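Peer 1: Only the shape, not the letters, is given here:
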């Protein structure tokens, strides 16, 4: 994981990819009327946002208190 999070070019590309996936989930969330699909999209968005914190976790700068 360290090579990914410590290489700025790769990290930026990874973040752009995550942002695209979040955008797709937002569109799905906006277009559905099914509550199960809404919850799935919300969970996917939460997980993807958590991945954006990966750099801090890998480098030991972020400690989770949950």
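Peer 2: That came through fine. Just so it is clear, the structure is predicted and the values come from calculations on it, not from any experiment. Residues are numbered from 1 along each chain as shown.

Peer 1: and the most centrally placed residue in the chain, what element?
Peer 2: In the chain, the residue lying closest to the centroid (C-alpha atoms, centre = their mean) is residue 48, at 1.9 Å. Per DSSP states H and E: residue 48 is located in helix 35-51.

Peer 1: Give me the buried positions along that helix.
Peer 2: Residues of helix 35-51 classed as buried: 41, 44, 45, 48 (neighbour count, 16 or more other C-beta atoms under 10 Å). For every residue, glycine as well, the C-beta is placed using N, CA and C.

Peer 1: Stretch 23-38 too?
Peer 2: Neighbour-count burial for stretch 23-38 [16+ other C-beta under 10 Å]: 25, 29.

Peer 1: List of residues touching it?
Peer 2: Residues outside stretch 23-38 that contact it (C-beta atoms under 8 Å, 6 or more residues apart in numbering) are 41, 42, 44, 45, 48.

Peer 1: same thing but 6 Å
Peer 2: Here stretch 23-38 makes contact (C-beta atoms under 6 Å, 6 or more residues apart in numbering) with 41, 44, 45.

Peer 1: Now do the end-to-end distance for it.
Peer 2: Taking C-alpha to C-alpha, to the nearest Å, the first and last residues of stretch 23-38 lie 14 Å apart.

Peer 1: what's the model's confidence in that stretch, averaged?
Peer 2: For stretch 23-38, mean pLDDT is 96.

Peer 1: show me where this structure has helices.
Peer 2: Counting by DSSP state H, the chain has helices at residues 2-6, 8-31, 35-51, 54-58.

Peer 1: so how far is the first one from its chain's centroid?
Peer 2: I take that to be helix 2-6. Relative to its chain's centre, helix 2-6 lies at 16 Å (C-alpha atoms, centre = their mean, to the nearest Å).

Peer 1: Same question for the longest one.
Peer 2: Once both centres are worked out by C-alpha atoms, centre = their mean, helix 8-31 turns out to sit 7 Å from its chain's centre.
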